[in-house]
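> Based on what follows, work out the 3D shape:
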Amino acid sequence: MSSYWEADANVVRIGEEQISIPADQGLQHQVKNNSRKVSFVVPKSTEFIDGKSCYLEFDAVIDDPVVTQTTAGLSAGVTRLQMDPAGCGMMVENLRIYSLDDRVLLEEIVGYNQIVALKSDYDTDESIKGMKALTQGGSDYNPVCCSSRGASKSDMCDVITNPWFKKSPVGTKNAAYNHTEMKNSVKACVPLDVSGIFSGSIYPNMMTGLYIELDFMPAPRIVRQLDSVVASRRTTLNPMLACLNVTPAGGAAGDTAGTPPFPADGADVTINHVYFQAAANSCGDTDTFPFVVGETITFRDHSDATAVESVFTDGNGGADESFVIESIEKVNLVIGGFAARDYIKVVPVANTLQLKAAGAGPVFASAQLQGTSAVNLATADQSCGISIGFRDATTLDLSYTISNLNLVVAEVKLDPRYKQQMMAKARDGSSIEFDIYSTTNYKNSLLASERQASFQVHALNSRAKSLIILPTDSSVYTQQTLVSSNGTYEVTQDSMDVQLSSARSGIAGCCDGLASVQFQIDGKMVPSRPVDTRKVATRKSISAFHLFELEKTLDNSGIMPRDFSKFMENFVVGRGFATNQGVMDLRNRDLIVNLDYSAVAPTKNKMFSSFVCHLRRIVIKQGFVQVVQ
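Residues are numbered from 1 along each chain as shown. Reported below is the predicted structural model:
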């Protein structure tokens, strides 16, 4: 048996054209709470394809959410929605590629979007992020919508150039936010570059043909509210309250700028409207203000993750009521005896809105209205606004629609002599062999109650390069929880973000108290001492040895380690198996992962996605296809 085909990028090309192949199930697909499968057929008549130049092409839009109120009198309201900032590649949950005639499984990647998220977090820079924003509907940090209170950079706070909804014009807002009118249809061109067949060089499709299956991710897993409105992501990024305009019983309306807390719980005062600081967190005008008309909000101390939220009634001792925004406008006023300043005035729908009595939660004033002419940005006595309508809704149905779905295949025209040589030797009984770089996912589960644990990765890969392990949160969450990141795994809790909960439950890795990890290969412990992650487990520091090992793992995996800023938000452990582009045979070997969760008590049950990055050989002989892992 002789091997003579090499997928060489230096093969002489005499032409190239793009072929658009529609999905077998039609051009339009709506994805709700369950995954949706689509398939494509790449016929043998497309003889040679350049996988790196192939991509999925479609239009994507987030559908109008179906939401019902919490209880009588409490409204769910509206809010802005966007996709995962990694772009439309996150829509692909699983990928399977078969040969066309005999349906031999050439490649399967379960948890495809986990690798997409990993590459988006670690193999990234500003140029890559900008390209994803243009071609895949990704979102990036926009300094126009940044925090002035020290919050970390967020790629889910852009209200100016966000691809998923239109920019709000400057001016007074008094019409309810209409998702149908404000949503954008995103034109996405998504490369399948996690796949070996679609990330390598020339593929001889004339010998196999391809049948491709894609599972699209359920909408609740990738549709999110903005970080600048929810309570569990970055409250130091949310709009900051300046003061209230209230009317005491039997008195005249006025701006309350006294010593916090104010007004007292259950006091017989009507809240007419509130003022947010225009100078804080880039809320300078109504076009950068993250809340919209019709959104249900409340107030909470911005510096305390466990602070009580304000609760309202429709009158002194009346029924529960929601603070639903009726209008938003920018004003310039003199309040508290200081010079005129800009504020964002927010008026609630209920004109008898009052704070509920007994434990409703105080409302704190801004320091700039408490005896100082300077704006004290570090004060703890300050409330922020948070969106609670979708979080507390009785029911919520999210979905997105993909239309005009096509697989664009780049067909390469080679010198006819290559084809003739290949066909002649195939008829002589020789084989065609070529390697692709692929990934196989092995899954294991672990309960939160287990503090010392180990699991075996039953890898069958003969030429493995590295092992990437993502310990993901396997908890079952409602759509309300997922869209608001409320109650998901807590990444950090510090003075910078106050509370940062995961927006990628079940996709991104979580440390969750892991103290160390060590691998056992055929009875030998590697590395010779455990990889310590105790400092990461504190949610406040960095474990240098862990990042050193992670850098080697990613590099061996073909993922360029450019950025480690999200090492906590997407926690990864792993092991590179060889150096200098080498490989390791994992067949008939024990590969055991030893985990020590003694640092901090774990809080979440976990599903471990262990991705073995390896070389996979496709052998074609006498019309039959064989895959050697």
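> how about F519, what does it touch?
Taking C-beta atoms under 8 Å, 6 or more residues apart in numbering, we find F519 in contact with L467, M525, V526, P527, R575, L591, I592, V593, N594. (Each C-beta comes from the backbone N, C-alpha and C, glycine too.)
> Of the residues you listed - the most surrounded one?
L467 (28 neighbours; other C-beta atoms under 10 Å).
> Please report the distance of that one from L591.
Noted for L467: a distance of 7 Å to L591, by C-beta to C-beta, to the nearest Å.
> so what sits against both of these two?
Common contact partners of L467 and L591 (C-beta under 8 Å, 6+ apart): V457, A459, F519.
> which ones among those residues are found in strands?
Counting by DSSP state E, the members of the shared contacts of L467 and L591 that fall within strands are F519.
> Reformat the shared contacts of L467 and L591 as CSV; add distance to I14 and pLDDT.
Below are the shared contacts of L467 and L591 laid out as CSV (distance: C-beta to C-beta, whole Å; pLDDT from 0 to 100):
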residue, distance to I14, pLDDT
V457, 45, 92
A459, 42, 91
F519, 49, 94
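> Give me the residue ranges of the stretch 51-200 of the chain where confidence is low.
70-73 (pLDDT under 70).
> Neighbours of the closest residue to P191 other than its chain neighbours, how many?
Nearest residue to P191, sequence neighbours excluded (C-beta to C-beta, 6 or more residues apart in numbering): Y55, at 4.6 Å. Y55 has 21 neighbours, counted by other C-beta under 10 Å.
> I figured Y55 hits V408, correct?
Yes - contact criterion C-beta atoms under 8 Å: Y55 and V408 qualify, at 5.4 Å.
> any weak-confidence spans in the stretch 301-450 of the chain?
Counting by pLDDT under 70, the stretch 301-450 of the chain contains low-confidence residues at 336-338, 357-381, 425-426, 429.
> For it, just list every one of the strands.
In the stretch 301-450 of the chain, the strands defined using DSSP state E, counting those that start in this stretch lie at 312-313, 320-321, 323-333, 341-348, 354-355, 383-387, 395-397, 400-414, 431-446.
> from those strands, which stretch is densest packed?
Ranked by mean neighbour count, the strands of the stretch 301-450 of the chain are led by strand 383-387 with a mean of 28 (mean count of other C-beta atoms under 10 Å).
> Pull the distance from it to the chain's centre.
Distance, stretch centre to chain centre, for strand 383-387: 22 Å (C-alpha atoms, centre = their mean, to the nearest Å).
> repeat for stretch 474-492
Relative to its chain's centre, stretch 474-492 lies at 12 Å (C-alpha atoms, centre = their mean).
> cool, and stretch 131-144?
That offset, for stretch 131-144, works out to 13 Å (C-alpha atoms, centre = their mean).
> what kind of secondary structure is T603 in?
Per DSSP: H, G, I helix; E, B strand; the rest coil, the local secondary structure of T603 is coil.
> Does it touch D512 like I think?
Yes - counting by C-beta under 8 Å, T603 does reach D512; the two are 6.2 Å apart.
> Next one, pLDDT for I271 please.
On the pLDDT scale, I271 is placed at 84.
> which residue of the protein sits farthest from its center?
Most distant from the centre of the chain: D428, at 51.6 Å, with distances by C-alpha atoms, centre = their mean.
> got JSON lines for the shared contacts of L467 and L591, with distance to I335 too?
Listed next are those as JSON lines, based on distance: C-beta to C-beta, whole Å:
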{"residue": "V457", "distance to I335": "63"}
{"residue": "A459", "distance to I335": "66"}
{"residue": "F519", "distance to I335": "62"}
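> that older thread, in contact with the residue nearest to P191, which residues?
C189, V190, P191, L192, L407, V408.
> Flag every buried residue along stretch 123-139.
Across stretch 123-139, burial judged by 16 or more other C-beta atoms under 10 Å covers D123, T124, I128, K129, K132, A133, T135, Q136, G137, G138, S139.
> Can you dump the C-alpha atoms of stretch 410-419 in CSV for me?
Coordinates of the C-alpha atoms in stretch 410-419 are reproduced here as CSV (Å, rounded to 0.1, in the frame of the first residue of the first chain):
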residue,chain,number,x,y,z
ALA,A,410,-14.6,27.0,-2.2
GLU,A,411,-13.9,24.6,-5.1
VAL,A,412,-10.3,24.6,-6.3
LYS,A,413,-9.4,23.8,-9.9
LEU,A,414,-6.1,21.9,-9.9
ASP,A,415,-3.8,20.9,-12.8
PRO,A,416,-5.6,18.0,-14.5
ARG,A,417,-2.5,15.9,-14.1
TYR,A,418,-3.1,15.7,-10.3
LYS,A,419,-6.5,14.2,-10.8
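> and it, how far from the chain's centre?
40 Å.
> What segments of the stretch 151-300 of the chain are helices?
Secondary structure of the stretch 151-300 of the chain (DSSP state H, counting those that start in this stretch): helices at 179-182.
> tell me the contacts of the most centrally placed residue in the chain?
When C-alpha atoms, centre = their mean is applied to the chain, the residue found nearest the centroid is D84 (3.9 Å). Counting by C-beta under 8 Å, 6+ apart, D84 touches M90, A117, I222, R224, A503, R504.
> at 7 Å what do you get?
D84 makes contacts with M90, I222, R224, as judged by C-beta atoms under 7 Å, 6 or more residues apart in numbering.
> Include distance to F216 and neighbour count when you put those residues into TSV, please.
Putting the contacts of D84 into TSV (distance: C-beta to C-beta, whole Å; neighbours: other C-beta atoms under 10 Å) gives the following:
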residue	distance to F216	neighbour count
M90	10	25
I222	10	26
R224	17	26
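> Inside strands: which ones of those?
Per DSSP E, the contacts of D84 map to strands at R224.
> ok so, going back, farthest pair within the buried residues of stretch 123-139?
Within the buried residues of stretch 123-139, two members stand farthest from each other by C-beta to C-beta: D123 and G137, at 18.5 Å.
> ok so, going back, turn the contacts of F519 into TSV, including distance to V144 and pLDDT.
Listed next are those as TSV, based on distance: C-beta to C-beta, whole Å; pLDDT from 0 to 100:
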residue	distance to V144	pLDDT
L467	41	95
M525	51	92
V526	48	90
P527	45	91
R575	42	93
L591	48	92
I592	50	94
V593	44	95
N594	47	95
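> quick check, nearest of those residues to I297?
Closest approach between the contacts of F519 and I297, by C-beta to C-beta: V593, at 44.6 Å.
> in its sheet, what does the host helix or strand of that closest one sit against?
Assessed by DSSP states H and E, V593 sits inside strand 591-596. Strand 591-596 pairs in its sheet with strand 452-456 (antiparallel), strand 516-521 (antiparallel), by DSSP bridges.
> got the CA positions of it in CSV?
Extracted as CSV, the C-alpha positions of strand 591-596 are listed here (Å, rounded to 0.1, in the frame of the first residue of the first chain):
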residue,chain,number,x,y,z
LEU,A,591,-5.2,8.5,31.2
ILE,A,592,-6.6,9.6,34.6
VAL,A,593,-7.3,13.1,35.7
ASN,A,594,-7.0,13.7,39.5
LEU,A,595,-8.8,16.7,41.0
ASP,A,596,-8.5,18.3,44.4
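> Could you tell me the angle between it and strand 431-446?
Inter-element angle recorded for strand 591-596 and strand 431-446: 30 degrees (by axes from the mean of the first three to the mean of the last three C-alpha atoms, to 10 degrees).
> need the strands of the stretch 301-450 of the chain in a markdown table with distance to I21, can you?
Shown next, in a markdown table, are these (distance: least, C-beta to C-beta, whole Å):
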| stretch | distance to I21 |
| --- | --- |
| strand 312-313 | 55 |
| strand 320-321 | 55 |
| strand 323-333 | 47 |
| strand 341-348 | 50 |
| strand 354-355 | 60 |
| strand 383-387 | 42 |
| strand 395-397 | 32 |
| strand 400-414 | 5 |
| strand 431-446 | 20 |
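> among the ones you listed, which is nearest A278?
The minimum distance between A278 and these falls on strand 341-348, with 3.8 Å, by C-beta to C-beta.
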